[in-house]
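Q: 3D, please:
(one chain, ligands or ions: 1)
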Amino acid sequence: MLAIYPGSFDPITLGHLDVIERGCRLFEQVVVAVLRNPNKTPLFTVAERMEQIRRSTTHLSNIEVDSFDGLTVTYAKMRRAKALLRGLRVTSDFEMELQMAHTNKTLSEEIETVFLATSTEYSFLSSSLVKEIAKFGGPIDHLVPPPVAPDIYRCYAKTLPVSVPTPDLMPTLEHPKTESLPEMLRDLE
Ligand code: PNS
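A: Numbering: from 1, shown residues only. Take a look at the predicted model:
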């Protein structure tokens with residue numbers, strides 16, 4: 001059976017990879033489908049994201065990486081897929097995911113949404129979180145597949161924030177208090 005794993009993947013995280021690997025064990029073929037979304041300004045182009053996914057999944061044989069626009073079910077029907085694969089991290093995901101699954105069901109009766117509970121170690125992880133950490137100069141190597149981390153660092157390299165201490169809190173190193181003994185005695189008078 002063919003399953004479509006649709007998403008933004010901007011960029012792919014270890015959480016996505018976990019869902020892909022487990023999906024590949026359940027389904028004969030998994031198509032990771034990157035949405036071309038004109039309403040979002042992504043960090044990476046669709047072509048870059050597809051390449052990142054490809055480089056992160058070279059160990060999997062039953063995977064294909066593709067892109068699509070429009071409705072996910074239209075794409076799934078075109079690919080003759082029977083299932084949509086989605087990861088569930090926390091209960092807050094559930095509401096939105098269930099709404100999407102129900103909506104998709106109204107659009108196509110024969111396509112099922114299959115949810116995989118994300119492995120606990122990735123339950124906090126999202127692409128937005130990765131971007132936020134990288135934007136402020138933090139490490140993200142433990143959050144994304146190894147081939148993807150350099151792309152993210154490169155993206156933010158030119159915009160790394162320089163941490164400037166608040167003037168009030170800075171020690172007065174430029175003008176240390178260097179009173180001579182006679183001056184100190186005069187102050188005491
Ligand atoms: O990775 P994301 O951003 O959570 O993925 C969301 C995605 C791409 C699965 C969802 O936005 C989607 O399916 N978009 C295509 C438009 C569509 O089919 N809408 C109807 C279902 S709500």
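Q: The closest residue to the ligand within the chain - how many residues pack around it?
A: Nearest residue of the chain to the ligand, counting by Cβ to the nearest ligand atom: G7, 3.2 Å away. For every residue, glycine as well, the C-beta is placed using N, CA and C. Residues near G7, counting by other Cβ atoms under 10 Å, number 20.
Q: Likewise for G70?
A: 10.
Q: Confirm it sits in a helix?
A: No: read with DSSP: H, G, I helix; E, B strand; the rest coil, G70 is coil and lies in no helix.
Q: What does it show for phi and psi?
A: Dihedral angles of G70 (phi, psi; degrees, to the nearest 10) stand at phi 80, psi -150.
Q: tell me the pLDDT at it?
A: The score at G70 is 95. That number is its pLDDT.
Q: From T45, how far off is it?
A: 18 Å (Cβ to Cβ, to the nearest Å).
Q: just T58 next, same as before
A: 21 Å.
Q: between the two, who's got more neighbours?
A: Between T58 and T45, counted using other Cβ under 10 Å, the more crowded position is T45 (12 against 9).
Q: Disregarding flanking residues, what is the spatial nearest neighbour of the spatially most central residue of the chain?
A: Per Cα atoms, centre = their mean, the C-alpha nearest to the average position across the chain is that of S127, at 1.4 Å. Distance criterion Cβ to Cβ, 6 or more residues apart in numbering; nearest residue to S127, sequence neighbours excluded, is D10 at 5.3 Å.
Q: Over to V144?
A: T13 (5.4 Å).
Q: from memory the one you found sits against L125, does it?
A: Yes: look at T13 against L125 with Cβ atoms under 8 Å: they come within range, at 5.2 Å.
Q: Kindly provide the distance from the residue nearest to V144 to V46.
A: For T13 relative to V46 (Cβ to Cβ), the value is 17 Å.
Q: Who has more neighbours out of those two?
A: Shown here are T13 and V46; by other Cβ under 10 Å, T13 has more neighbours (24 against 18).
Q: Check whether the lengthiest helix in the chain comes into contact with the ligand.
A: In the chain, assigned by DSSP state H, the helix with the most residues is helix 91-107. Yes: counting by Cβ under 6 Å from any ligand atom, the ligand has neighbours in helix 91-107: 100, 103-104.
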